[in-house]
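Engineer: predicted model follows, preceded by the sequence.
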Amino acid sequence: DAGVIQSPRHEVTEMGQEVTLRCKPISGHDYLFWYRQTMMRGLELLIYFNNNVPIDDSGMPEDRFSAKMPNASFSTLKIQPSEPRDSAVYFCASSLDRVHEQYFGPGTRLTVT
Amino acid sequence: GEDVEQSLFLSVREGDSSVINCTYTDSSSTYLYWYKQEPGAGLQLLTYIFSNMDMKQDQRLTVLLNKKDKHLSLRIADTQTGDSAIYFCAEKSGGSYIPTFGRGTSLIVHP
């Protein structure tokens, strides 16, 4: 398996624009997680899905953030409108089940100017 | 809520042993993990230990768990420049779907 795939790897956008980050989990994994990493706050869990259903989105910072998982092999994290404080590295991770470890994607580095 | 604490930086000389420490607060932690993050990459699982174990060794890596003190450590023997990375400690209780991560320890290996 190719591992967790994320695109794009880098995104630079202007404040106010919509940003869509994409993730393909490892095939057969039932759980998908979206994280945000910054120097100030470390690694933060934004939302996670089980079998394509959002389970806990309490980490989503505000209504500008939304996430979907239309099928078992694809998820998106959308920010609309984007703000400079959203600049961070966004990771997607998947796990086989609640017991097994998470596998992380390479991340998307988002810069909002 | 649960908390995982790590020191932010550790500097060692190449060839020496590195010891990265972690403390956690959740007494029901069942799984404890060490992840490694190299520059520009995602987190990669290095090793893990179950809470009913005291020690786990895997080549140059030794994990020690003191459950009474809620202290976890990762020892890297014969540290190499390629070991320079950020190391994350994480814990998860049996009833939780998700691990709690520490802030990460930046390991700097110098010649």
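Structural biologist: Structure received.

Engineer: tally of neighbours for the one residue in chain B that gets nearest to chain A?
Structural biologist: Going by CB to the nearest CB, chain A is nearest to residue B:42 of chain B, at 3.4 Å. Glycine gets a C-beta too; all of them are placed from N, C-alpha and C. Each residue near residue B:42 was counted by other CB atoms under 10 Å in any protein chain shown, and the total is 22.

Engineer: could you do residue B:80 as well?
Structural biologist: For residue B:80, using other CB under 10 Å, the count is 11.

Engineer: how about residue A:55?
Structural biologist: Counted with other CB under 10 Å, the neighbours of residue A:55 add up to 14.

Engineer: got the phi and psi for residue 83?
Structural biologist: Going with chain A. phi -130, psi 160 (degrees, to the nearest 10).

Engineer: was after chain B, sorry
Structural biologist: In terms of degrees, to the nearest 10, the main-chain angles of residue B:83 are phi -80, psi -10.

Engineer: same check on residue A:104?
Structural biologist: Here residue A:104 shows phi and psi, under degrees, to the nearest 10, equal to phi -100, psi 150.

Engineer: wait, it touches residue A:90, no?
Structural biologist: No - between residue A:104 and residue A:90 there is no contact under CB atoms under 8 Å: 11.1 Å.

Engineer: show me which residues of chain A are close to chain B?
Structural biologist: By the rule CB under 8 Å from any CB of the partner chain, the part of chain A lying against chain B is A:4, A:31, A:33, A:42-43, A:45, A:48, A:50, A:55-56, A:91, A:93, A:98-99, A:101-107.

Engineer: if we use 7 Å, what do you get?
Structural biologist: A:31, A:33, A:42-43, A:45, A:48, A:55, A:91, A:98, A:101-102, A:104-107 (CB under 7 Å from any CB of the partner chain).

Engineer: now, of these, which are buried?
Structural biologist: Buried members of the residues of chain A next to chain B, counted by 16 or more other CB atoms under 10 Å in any protein chain shown: A:31, A:33, A:42-43, A:45, A:48, A:91, A:101-102, A:104-107.

Engineer: any idea which residue of chain A lies closest to chain B?
Structural biologist: For chain A, CB to the nearest CB, closest residue to chain B: residue A:104, 3.4 Å.

Engineer: name the nearest residue to that residue, ignoring sequence neighbours.
Structural biologist: Spatial nearest neighbour of residue A:104, excluding adjacent residues (CB to CB, 6 or more residues apart in numbering or on different chains): residue B:42 at 3.4 Å.

Engineer: state the phi and psi torsions of that neighbour.
Structural biologist: According to degrees, to the nearest 10, residue B:42 has phi -80, psi 180.

Engineer: just checking, it touches residue A:92?
Structural biologist: No - between residue B:42 and residue A:92 there is no contact under CB atoms under 7 Å: 8.5 Å.

Engineer: pull up the overlap in contacts between those two.
Structural biologist: Both residue B:42 and residue A:92 are contacted by residue A:105, under the criterion CB atoms under 7 Å, 6 or more residues apart in numbering or on different chains.

Engineer: give me the distance from stretch A:64-79 to the chain's centre.
Structural biologist: Relative to the chain's own centre, stretch A:64-79 is displaced by 8 Å; criterion: CA atoms, centre = their mean, to the nearest Å.
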